[in-house]
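Visitor: Kindly return the folded structure for what I paste below:
(chains A and B)
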Amino acid sequence: MKEHEHHAQFREESIEDKELRSWKRKLIGAWLFTIPIAIFMFSDRLFGIEILPMDWMIPILLILGFPVVFIFGFSTIKSGLRGFYTFYFNMDSLIALGTVVAYLTGFFSYFGFVADYSGVSSMIMAIFLTGKYIESKAKGKASQEIKKLLELGAKKARVLRGKEEIEIEISEVKKGDILIVKPGEKIPTDGIVFRGESSVDESMVTGESLPVDKLKGDSVIGATINQDGILYVKAEKVGKETFLSHIIKLVEEAQGTKVPIQKVADKITGVFVPVILVIAVLSFANWWIFTGEISRALGVAIAVLVIACPCSLGLAVPISLMVGSGIGAKKGILIRKGEAIQTMKEVKIIVFDKTGTVTKGKPEVTDIYSKVKQNELLDIAGSLEKLSEHPIAKAIVEKASLKKYKKVTGFKVLRGRGVEGKISGKEIVIGNRTLMKERKINFKTFEDKISQYEYEGKTTMIVSQNKKIIGVIAVADAIKEDSIKALKILNSGGYRTVMITGDNERTAKAIAKQVGIKEVIANVLPEDKAKKVEDLQKSGFVAFVGDGINDAPALKQSNVGIAMGSGTDIAIEAGDLVLAKSSLMGVVQSIRLSKATFRKIKQNLFWAFAYNVIAIPVAIAGLLHPVIAEVAMALSSITVVTNANLLRRTEI
Amino acid sequence: MKKIKLSISGMHCGSCAGNIERALKKVSGIENVTVSAVTNKAFVEVDEKTSEEDMKKAVTRAGYKVVEIEEN
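Guide: Below you'll find the predicted structure:
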């Protein structure tokens, strides 16, 4: 299976490269014959210079034109004419019919009833091939970010076998292997730091620009780059299970998904070619009947055939979606369903799940109020709390980050209230109001501070020494640094912002106020979140932002589900949009990206429609020479692809 | 139901994706066809009865070629 995968990727690369090379070969060959044809034709018609005697002209054009239409244009002619018996028409059908008919006029002209268009057939084919080449190149550019993503994974890994370090292919890495990653190297696969410490650049996967510190026990993502220390990583996930593989799969699968606005374009593209064939025949008949000039009628019919461009219509949406997905992926924003970028425009209400989305999901010390020196307070509190396993204790220990802990005797955990113990003969009690009352410790002088912290939704730990209060430490599930900035942008963007949480009303309101969320729905059980989203949907389209792990139903219920999380802890399958970075600014960016991409889609559809709506009647009216018509057609699809590429200029 | 990824060559035009989609939808047991002319990939959900051969044939009939079939 591994090898299979490897081959698949290898081949994926070459389908496009091969096609590009083959277009190039064809176009060079075609022009080699077409340039002399053009010289012969135009020197006579435009300047009246006869390079060739008239009698020779047609046979020479036919001879020179043959390889252009039937050799260099072979695949186009074949795929196009095929449509006439399988009824799977594509744009080649139009070009094939146009060029073959034009070429044949060279022979018919001997019988004198039609002008010779054989030179024109070569020109149409050569321009068509050139257009295809330019279009393929632009398409390659459109997919460059996604290609980079496909190639992001590490190719080799250095693994510890026994005491030896050996280098192996990435596909040979097994779960549980200890991988050695030196500074500057890619981490081969998802794992856990087993030994060593370093900072890791995760920007290529999460879009987060700052390096992340990694210590023993931290998880690392495959394909991210180790910066400064040597890391020993225990491989946890390999092959298709890795985070990167999931991202790649998601992005690839998203490409074929439909954006609703595309439906009309798809319907038209489906019947486009047969309709144009009918129009071409009708134009021919009309012109012949009303002017009596069969040559003129043929010229018009050929122009109609080659100017009609289902390509630009068919490409307008997918090519924009691809560029949008690519620039999103670079920033850790993954578009999972094309539909989301259209729906995003209609969203009026953004609902945030609190834990892990607005907040870090882990308690942290937010405030310290102390009667003694802060260091002294943390020295005591840190040493005592070090012995407890409680999350709040851990937050205090982390804040203190002591190099040396004081010796504690008689340590005791007082469940639900706090801890106590003796440090250098002094009796230390750390805990909540209840514990202080129990011990008859007076905290009146601190009452203002304590109430303030509580009002702000924080858990307050009172620190006492020999029955006297020396300080207060407030702990809370801290707000992520950029949540406030993100909310400011969203609020000023006119969105109704709502936070949903299982917390009590007071804590929830405090956090919402701090971060700038306007409404709060508190005391909500996880299973009721979807119901609350449904209620909100009565007043408008709702986007739900959550970690996707326990709020998957709410993500699904909402109009646009945005799943976010840090590193590998995201439920990728849960959202319409997935943020690989744990930041609310990602929500702002994904809204900008969706809107910009959708704008591009609309522009492209407009141009593709407008082009056909204007160009076809002009051709029917007989105002366009077939060669000019072909140039216009080639330009129209190149325009669509190039315009999609311009999406890259948008700041998101 | 399993998900299959088809790599297809010869899709050099926007209307091609539609042709392949139409062709694959006719194969028995296939559901949820998405085709992208930009990535040259088709994703389909199939049941146990659907044969790879049938999918290949359908794509060939529409004028394109399946280069690779893999489970996704």
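Visitor: Near chain A, which residues of chain B are found?
Guide: B:5, B:7, B:9-10, B:12-19, B:22-23, B:34-43, B:61-63, B:67-68, B:70, B:72 (C-beta under 8 Å from any C-beta of the partner chain). Placement of C-beta: from N, CA and C, glycine included.
Visitor: from these, which ones fall inside helices?
Guide: Taking DSSP state H, the ones among the residues of chain B next to chain A that sit in helices are B:14, B:15, B:16, B:17, B:18, B:19, B:22, B:23, B:61.
Visitor: State whether residue A:168 is indeed within a strand.
Guide: Yes. The assignment for residue A:168 (DSSP: H, G, I helix; E, B strand; the rest coil) places it in a strand.
Visitor: show me what contacts it?
Guide: Residues near residue A:168 by C-beta atoms under 8 Å, 6 or more residues apart in numbering or on different chains: A:156, A:157, A:158, A:159.
Visitor: Next: residue A:517.
Guide: A:352, A:358, A:487, A:497, A:498, A:499, A:511.
Visitor: So it versus chain B, what's the distance?
Guide: 36 Å (C-beta to the nearest C-beta, to the nearest Å).
Visitor: neighbour-wise, which of the contacts of residue A:168 leads?
Guide: For those, counting by other C-beta atoms under 10 Å in any protein chain shown, the largest number of neighbours falls to residue A:157: 26 neighbours.
Visitor: show me where the stretch 101-250 of chain A has helices.
Guide: A:118-142, A:144-150, A:203-206, A:243-254 (DSSP state H, counting those that start in this stretch).
Visitor: Could you look up the SS state of the closest residue to chain B within the stretch 151-300 of chain A?
Guide: The minimum distance from the stretch 151-300 of chain A to chain B, using C-beta to the nearest C-beta, falls at residue A:256 (2.9 Å). Using three-state DSSP, the structure places residue A:256 in coil.
Visitor: That one contacts residue B:42, correct?
Guide: Yes. Contact status for residue A:256 versus residue B:42: in contact at 6.8 Å, counting by C-beta atoms under 8 Å.
Visitor: overlap in contacts of those two?
Guide: B:34, B:35, B:36.
Visitor: Next, format these as CSV and append neighbour count, distance to residue A:483 and pLDDT.
Guide: Formatted as CSV, the shared contacts of residue A:256 and residue B:42 follow (neighbours: other C-beta atoms under 10 Å in any protein chain shown; distance: C-beta to C-beta, whole Å; pLDDT from 0 to 100):
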residue, neighbour count, distance to residue A:483, pLDDT
B:34, 19, 35, 89
B:35, 28, 40, 90
B:36, 23, 36, 86
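Visitor: picking up where we left off before, need the max-distance pair from the ones in helices among the residues of chain B next to chain A.
Guide: Using C-beta to C-beta, these span at most 19.8 Å, a distance reached by B:14 and B:61.
Visitor: neighbour count winner among the two?
Guide: More neighbours surround residue B:14 than the other of residue B:14 and residue B:61, with 29 against 14 (other C-beta under 10 Å).
Visitor: Let me see the contact set for that one.
Guide: Residue B:14 neighbours (C-beta under 8 Å, 6+ apart): A:91, A:269, A:310, A:311, A:312, A:313, A:314, A:315, A:316, A:318, A:637, B:37.
Visitor: is it true that the fourth one touches residue A:92?
Guide: Looking back up the chat, that one is residue A:311. No. Using C-beta under 8 Å, residue A:311 is not in contact with residue A:92; the gap is 10.1 Å.
Visitor: sec struct for residue 28, please.
Guide: I'll assume chain A. Residue A:28 ends up helix, using three-state DSSP.
Visitor: Can you tell me how far it is from chain B?
Guide: Taken as C-beta to the nearest C-beta, the span from residue A:28 to chain B is 18 Å.
Visitor: Give me the neighbour count for that residue.
Guide: Residue A:28: 14 neighbours (other C-beta under 10 Å).
Visitor: Which of the contacts of residue B:14 sits closest to residue A:46?
Guide: Among those, and counting by C-beta to C-beta, the member closest to residue A:46 is residue A:637, at 28.8 Å.
Visitor: got the angle between the host helix or strand of that closest one and helix A:118-142?
Guide: Assigned by DSSP states H and E, residue A:637 falls within helix A:626-645. Relative orientation of helix A:626-645 versus helix A:118-142 (axes from the mean of the first three to the mean of the last three C-alpha atoms, to 10 degrees): 0 degrees.
Visitor: Let me see the mean pLDDT of helix A:626-645.
Guide: Across helix A:626-645, pLDDT averages out at 93.
Visitor: go on, stretch A:157-164?
Guide: pLDDT averaged over stretch A:157-164 gives 89.
Visitor: Then stretch A:324-341?
Guide: So the average pLDDT for stretch A:324-341 ends up being 93.
Visitor: just stretch A:427-436 next, same as before
Guide: On average, stretch A:427-436 scores 92.
Visitor: And the pLDDT at the residue of chain B found nearest chain A?
Guide: Nearest residue of chain B to chain A: residue B:14, at 1.9 Å (C-beta to the nearest C-beta). As predicted, residue B:14 sits at a pLDDT of 71.
Visitor: What of the one 5 residues further on?
Guide: With respect to pLDDT, residue B:19 has a value of 89.
Visitor: cool, residue A:567 as well?
Guide: 58.
Visitor: Which elements pack onto the one helix or strand in chain A whose mean pLDDT sits lowest?
Guide: Lowest by mean pLDDT, DSSP states H and E among the helices and strands of chain A is helix A:2-45, with a mean of 76. For helix A:2-45, the elements it packs on are helix A:54-66, helix A:118-142, helix A:144-150, strand B:2-9, strand B:65-71, judged by 3 or more C-beta pairs under 8 Å, 6 or more residues apart in numbering or on different chains; DSSP states H and E.
Visitor: List the contacts of the helix or strand following the first one.
Guide: Same thing as helix A:54-66. Where DSSP H and E defines the elements, the next helix or strand beyond helix A:54-66 is helix A:74-86. The contact list for helix A:74-86 (C-beta under 8 Å, 6+ apart) reads A:69-70, A:88-97, A:99-100, A:125, A:128-129, A:273, B:10, B:61-63.
Visitor: do the same with stretch A:66-73
Guide: A:26-27, A:29-30, A:33-34, A:37, A:77, A:95-96, A:99-100, A:103, A:121-122, A:125-126, A:128-129.
Visitor: can you do 7 Å?
Guide: A:26, A:29-30, A:33-34, A:77, A:99, A:103, A:121-122, A:125-126, A:129 (C-beta atoms under 7 Å, 6 or more residues apart in numbering or on different chains).
Visitor: send the alpha carbons of it over as CSV?
Guide: The C-alpha atoms that make up stretch A:66-73 are tabulated as CSV, following Å, rounded to 0.1, in the frame of the first residue of the first chain:
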residue,chain,number,x,y,z
PHE,A,66,-2.4,18.6,-42.8
PRO,A,67,0.1,18.1,-40.0
VAL,A,68,-1.2,21.1,-38.1
VAL,A,69,-4.8,19.9,-38.0
PHE,A,70,-4.4,16.2,-38.1
ILE,A,71,-1.0,15.5,-36.4
PHE,A,72,-0.5,18.2,-33.9
GLY,A,73,-4.2,18.6,-33.5
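Visitor: what's near enough to touch the residue of chain A found nearest chain B?
Guide: Using C-beta to the nearest C-beta, the closest approach of chain A to chain B is made by residue A:314 at 1.9 Å. Residue A:314 sits next to A:269, B:13, B:14, B:15, B:17, B:18, B:37 when contact means C-beta under 7 Å, 6+ apart.
Visitor: The same query, at a cut-off of 10 Å, please.
Guide: If a contact means C-beta atoms under 10 Å, 6 or more residues apart in numbering or on different chains, then residue A:314 has A:90-91, A:262, A:265-266, A:268-270, A:272, A:608, A:637, A:640, B:13-19, B:37 as its contacts.
Visitor: Narrow these to just the buried residues.
Guide: A:90-91, A:262, A:265-266, A:268-270, A:272, A:608, A:637, A:640, B:13-19, B:37 (16 or more other C-beta atoms under 10 Å in any protein chain shown).
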